[in-house]
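Peer 1: here is a sequence with its predicted model. Questions after.
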Amino acid sequence: MQNPFTHAFGAQPNKYISSILEESILDNFSYDKPSERCFMLTGVRGSGKTVMMSSISRKLAERKDWIICSLALTDNVVNQLASQLADYPACSKLFLKSANIELSLAGINAGVEYNKDKVFDIFTLIGKMIETIASDGKKVMITLDDIYISEGMISFAKCFQQLITDVRNLPVYLIMTGLFQNYREITDVNDPRLKGCTFLTRTLEREVPPLDDAQMAVSYFNTFDIDEKEGIRLAKMTRGYAFAYQVLGYWYFEKNVNKNDLVKDVEVEYRSELIKYSYNKLWSELSEKDKLIVIALVELNADEKPVKRADAIEYLKSSGNEITSSIFNKYRERLLGKGIISTSTNREGMIWLPLPQFGNFIRLYHMD
């Protein structure tokens, strides 16, 4: 039987749980003139950022008044946008020679004739095409996945800034996804390369929330024909991590529905997939000091219960590590931005490791 779950990153699964955040973003774009132009979805790898963005895009595409441009962040991302807009019928017929469109986008300095005007700037051409689309009563949604600081990102940011400040009030909107630390880099007001790209600092940044336990439990309950208690147990094993929900569902389905004899232990397969596709990458991106603090938190069992910030600092000192409160705070913020830890806002400053099986991954592979 076909497995309804997937362990492919970013793919739209058959078993998908939407969130209040997704509904609120869709609600914003349901109006003729949405109040918010840009959203930035952040979260740890596997938290469902790309899937949520794709789900929003599909639902908007089903409406008659939206054109979707899904872009990949490369050096020629602005050309991608121009090419996709040029494919829109109302735009393509306004080029003097459609056969020259692709060549002109690659070498816009040579000029391209659009709607009887000679255009020598790709930003200007994009604006003219969006104006054409607007005259058809449609709006343009741009999606950009996994952003980071690069020449392509800088060029796109300048292009989008020009579009949203255009006196024609062009109906162009944007949803981006990315890791929090990468988003923080592209909003650095001290970076001269981003001068004038003020929309980046005003974009609504929203962290993709954990999946709801009750919704996951019902999904497992209906899929596996199990009792409610077992559905809740499975849901709690994922800790709301979207990738974990898919992976656990996948291997549970293989063992208990498809009766796959090769699956000896669902939990072992589950942990192995989390490590292979997510945790190894997360760990490789940590500095040695990051890793030292994470290992200390695991030794304090912060994957099972919150620990006090002061206790973590004291434990590190007792282990022979020279670490001050200010240094610890610096790395705590880094780990928080990477999604490795969660923290409370109370005076005790509780810290814990929210990702399922992450503590066991550290114990098994990175501790003596």
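Peer 2: Perfect, I can see it now.
Peer 1: helix, strand, or coil at residue 141?
Peer 2: Per DSSP: H, G, I helix; E, B strand; the rest coil, the local secondary structure of residue 141 is strand.
Peer 1: which ones are touching it?
Peer 2: Residue 141 sits next to 29, 57, 60, 66, 67, 68, 69, 173, 174, 175 when contact means CB atoms under 8 Å, 6 or more residues apart in numbering. All C-beta spots, glycine's among them, are computed from the backbone N, C-alpha and C.
Peer 1: got a pLDDT number for it?
Peer 2: The predicted structure scores residue 141 at 98 on the pLDDT scale.
Peer 1: what comes up buried for stretch 269-283?
Peer 2: By neighbour count on 16 or more other CB atoms under 10 Å, the buried set for stretch 269-283 is 269, 270, 271, 273, 274, 275, 277, 278, 279, 282, 283.
Peer 1: now the first one: closest residue in space, sequence neighbours ignored.
Peer 2: Residue nearest to residue 269 in three dimensions, not counting chain neighbours: residue 251, with 4.3 Å by CB to CB, 6 or more residues apart in numbering.
Peer 1: now name the helix or strand holding the one you found.
Peer 2: In this structure, residue 251 sits in helix 242-256 according to DSSP states H and E.
Peer 1: helices and strands around whichever helix or strand comes after that helix, which ones?
Peer 2: Downstream of helix 242-256, the next assigned helix or strand under DSSP H and E is helix 266-274. Packed against helix 266-274, as judged by 3 or more CB pairs under 8 Å, 6 or more residues apart in numbering; DSSP states H and E, are the following elements: helix 242-256, helix 358-365.
Peer 1: rerun at 6 Å
Peer 2: In this structure, helix 266-274 makes packing contacts with helix 242-256, judged by 3 or more CB pairs under 6 Å, 6 or more residues apart in numbering; DSSP states H and E.
Peer 1: got the buried residues for the helix it packs on?
Peer 2: Buried-residue list, helix 242-256, by 16+ other CB under 10 Å: 242-255.
Peer 1: can you list the residues you listed in JSON lines and add pLDDT and distance to residue 161?
Peer 2: Conversion of the buried residues of helix 242-256 to JSON lines gives the following (pLDDT from 0 to 100; distance: CB to CB, whole Å):
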{"residue": "242", "pLDDT": "95", "distance to residue 161": "32"}
{"residue": "243", "pLDDT": "95", "distance to residue 161": "34"}
{"residue": "244", "pLDDT": "96", "distance to residue 161": "38"}
{"residue": "245", "pLDDT": "96", "distance to residue 161": "37"}
{"residue": "246", "pLDDT": "95", "distance to residue 161": "37"}
{"residue": "247", "pLDDT": "96", "distance to residue 161": "39"}
{"residue": "248", "pLDDT": "97", "distance to residue 161": "42"}
{"residue": "249", "pLDDT": "96", "distance to residue 161": "42"}
{"residue": "250", "pLDDT": "95", "distance to residue 161": "42"}
{"residue": "251", "pLDDT": "96", "distance to residue 161": "46"}
{"residue": "252", "pLDDT": "96", "distance to residue 161": "47"}
{"residue": "253", "pLDDT": "96", "distance to residue 161": "47"}
{"residue": "254", "pLDDT": "95", "distance to residue 161": "48"}
{"residue": "255", "pLDDT": "94", "distance to residue 161": "52"}
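Peer 1: now render those as JSON lines, adding distance to residue 129.
Peer 2: Compiled in JSON lines, those are given as follows (distance: CB to CB, whole Å):
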{"residue": "242", "distance to residue 129": "35"}
{"residue": "243", "distance to residue 129": "37"}
{"residue": "244", "distance to residue 129": "42"}
{"residue": "245", "distance to residue 129": "40"}
{"residue": "246", "distance to residue 129": "38"}
{"residue": "247", "distance to residue 129": "42"}
{"residue": "248", "distance to residue 129": "45"}
{"residue": "249", "distance to residue 129": "43"}
{"residue": "250", "distance to residue 129": "42"}
{"residue": "251", "distance to residue 129": "47"}
{"residue": "252", "distance to residue 129": "48"}
{"residue": "253", "distance to residue 129": "46"}
{"residue": "254", "distance to residue 129": "48"}
{"residue": "255", "distance to residue 129": "52"}
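Peer 1: for residue 94, state which of those residues is nearest.
Peer 2: Of all the buried residues of helix 242-256, residue 94 sits closest to residue 242, with 42.3 Å by CB to CB.
Peer 1: quick check: closest non-adjacent residue to the closest one.
Peer 2: residue 48 (3.4 Å).
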